[in-house]
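[1] Okay, here's the prediction I keep looking at, along with the sequence it came from:
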Amino acid sequence: RHLSLMERVEENAGPVDLLFVGDSITQAWENAGKSVWDKYYTDRGLKAVNVGISGDRTQHVLWRLDQGAVKGLDPKVTVVMIGTNNSANDRNTASEMVDGVRAVVKRLHEETPRAKILLLGIFPRGEAFNEIRGKILQVNQALRILESEMEGIVVYQDIGHHFLEPDGTISKEIMPDFLHLTEKGYEIWASSIKPSIEALMAEDDSVADSAEASEEVVIADETTEVNPNDPAGEWRWFIRGPEDQLVEFLMHLETTGQPGSVSGYFLLDRPEGQQRLEIKEGSWEGSEINMVVSRVRENGESITYKLSGETNEVNDNMEGIAKAMFNGAEVEIPWNASRK
């Protein structure tokens, strides 16, 4: 497998859109996940390369990188999900697992310095709650820190909860052996990371456009200033759900004027697919922002949220209150957001 992948990498040398690095769960994009791979990547004209190898632990990936496993590739985004094969208690400690994943990420950055790295939390395994799941959770919590340590390079995303039933078990429809994914499982994977991939690729295209523009002679308008409170851009938006669970949305904002209007949308990843909520009304002035968003709940009820908040230019974050009518009474729910 390693030798055949070396040939694959050589054949795809040069710019590629996506590179997937991992173990058997990544390798199986080529069989159980093939139709989903085609749907999300091939059919959309994306050049994606898979170098996942069944049975690999972090140390195997490091060895392969030393042997030139990605040599010559220039990916825009590299998706990394590795470490589950290190999790057995007779293999590696949680601390060693963290060290291993961190080493893989840093080596990948050395080999492909232009690529953004989408680091995924290790997927849960086992039909019900178990000791290894707890170990994986501890590792994932530590891996999240890489996003701030390697800011602008690494984006961390944990999608493991999407594979679980409400009682915390894993269905055979998602993982027949409670480890490897079915086609439905790969659909969950692909749809969950789609907004992150699109945002990272758009960021790469923007950087490329800026590099091209910098080669031209431009006379700057010295009277134009960027308002640090302008909320335009991509945000991670968090709010508490009906069972006090933390729910994460992708918030995309576009603005006009200083002050002016706000438009855009919220994206929520769900097992059955993405839910997109358009901003119906929006305005901003100074550090204050106001938006109106509606959504249809599972029971068919339409809920309108009036969002008010304030940006913090120092920490590049935002917080506020969402007001909505539930069962004839108005409730207020705190929310917060941070720039991607």
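    Sure thing, it's come through.
[2] following the lowest-mean-pLDDT helix or strand in the chain, which helix or strand shows up next?
    Here the helix or strand of the chain ranked lowest by mean pLDDT, DSSP states H and E is helix 183-214, holding a mean of 81. Remark: after helix 183-214, the chain's next helix or strand is strand 233-240, criterion DSSP states H and E.
[3] Just give the strands next to that next one in its sheet, each with its orientation.
    Applying DSSP bridges, strand 233-240 is found paired with strand 246-257 (antiparallel), strand 329-339 (antiparallel).
[4] now, of those strands, which is deepest in the fold?
    Highest mean neighbour count among these (mean count of other C-beta atoms under 10 Å): strand 246-257, with a mean of 17. To be clear about C-beta, it is placed using only N, CA and C from the backbone, and glycine gets the same treatment.
[5] Give me the residues contacting that strand.
    For strand 246-257, contacts defined as C-beta atoms under 8 Å, 6 or more residues apart in numbering pick out 195-196, 199, 230-241, 261-268, 277, 279, 282, 284, 337, 340.
[6] Got the phi and psi for Gly33?
    phi -100, psi 10 (degrees, to the nearest 10).
[7] And Ser148, by the same measure?
    Dihedral pair for Ser148: phi -80, psi -30, per degrees, to the nearest 10.
[8] Now do the helices in the stretch 1-150 of the chain.
    With DSSP state H, counting those that start in this stretch as the criterion, the stretch 1-150 of the chain has helices at 2-11, 24-27, 34-40, 58-66, 94-111, 131-143, 146-149.
[9] In PDB, list the C-alpha atoms belonging to the fourth one.
    Coordinates of each C-alpha in helix 58-66 appear next as PDB, following Å, rounded to 0.1, in the frame of the first residue of the first chain:
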ATOM      1  CA  THR A  58       1.000   8.100  14.400                       C
ATOM      2  CA  GLN A  59       4.500   6.600  14.300                       C
ATOM      3  CA  HIS A  60       3.800   4.900  11.000                       C
ATOM      4  CA  VAL A  61       2.700   8.100   9.400                       C
ATOM      5  CA  LEU A  62       5.900   9.800  10.600                       C
ATOM      6  CA  TRP A  63       8.000   7.100   9.100                       C
ATOM      7  CA  ARG A  64       6.100   7.400   5.800                       C
ATOM      8  CA  LEU A  65       6.600  11.200   5.800                       C
ATOM      9  CA  ASP A  66      10.300  10.500   6.200                       C
END
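[10] Next, the buried residues of that helix.
    If you call a residue buried by 16 or more other C-beta atoms under 10 Å, then helix 58-66 has these buried ones: Thr58, His60, Val61, Leu62, Arg64, Leu65.
[11] hang on, the earlier thing: just the buried subset of the contacts of strand 246-257, please.
    With burial judged by 16+ other C-beta under 10 Å, the buried subset of the contacts of strand 246-257 is 195-196, 199, 230-231, 234-239, 262-264, 266-268, 277, 279, 282, 284, 337, 340.
[12] just to revisit the earlier point, I'd like the strands paired with strand 233-240 written out as TSV, with distance to Glu147 and mean pLDDT added.
    Converted to TSV, those look like this (distance: least, C-beta to C-beta, whole Å; pLDDT from 0 to 100):
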stretch	distance to Glu147	mean pLDDT
strand 246-257	14	84
strand 329-339	11	85
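[13] Could you provide those in CSV, with additional columns for distance to Phe129?
    Formatted as CSV, the strands paired with strand 233-240 follow (distance: least, C-beta to C-beta, whole Å):
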stretch, distance to Phe129
strand 246-257, 19
strand 329-339, 29
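[14] what's the closest of those to Ala32?
    Closest of the strands paired with strand 233-240 to Ala32 is strand 246-257, at 26.9 Å (criterion: C-beta to C-beta).
[15] The helix or strand following the closest one vs strand 233-240, what angle?
    Using DSSP H and E, the next helix or strand after strand 246-257 towards the C-terminus is strand 260-270. Counting by axes from the mean of the first three to the mean of the last three C-alpha atoms, to 10 degrees, strand 260-270 lies at 60 degrees to strand 233-240.
[16] what are the pairing partners of strand 260-270, and which direction each?
    Partners of strand 260-270 in its sheet, by DSSP bridges: strand 246-257 (antiparallel), strand 273-285 (antiparallel).
[17] Of these, give the one that comes closest to Glu301.
    strand 273-285 (14.5 Å).
[18] Check the offset of that closest one from the chain's centre.
    20 Å (C-alpha atoms, centre = their mean, to the nearest Å).
[19] Quick check: next helix or strand after it?
    Going down the chain from strand 273-285, the next helix or strand is strand 288-296, by DSSP H and E.
[20] Parallel or antiparallel, list what pairs with that next one.
    In the sheet, strand 288-296 lines up with strand 273-285 (antiparallel), strand 302-312 (antiparallel) (DSSP bridges).
[21] As a markdown table, the ones you listed with mean pLDDT and distance to Gln157 would be great.
    Listed next are the strands paired with strand 288-296 as a markdown table, based on pLDDT from 0 to 100; distance: least, C-beta to C-beta, whole Å:
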| stretch | mean pLDDT | distance to Gln157 |
| --- | --- | --- |
| strand 273-285 | 85 | 14 |
| strand 302-312 | 84 | 23 |
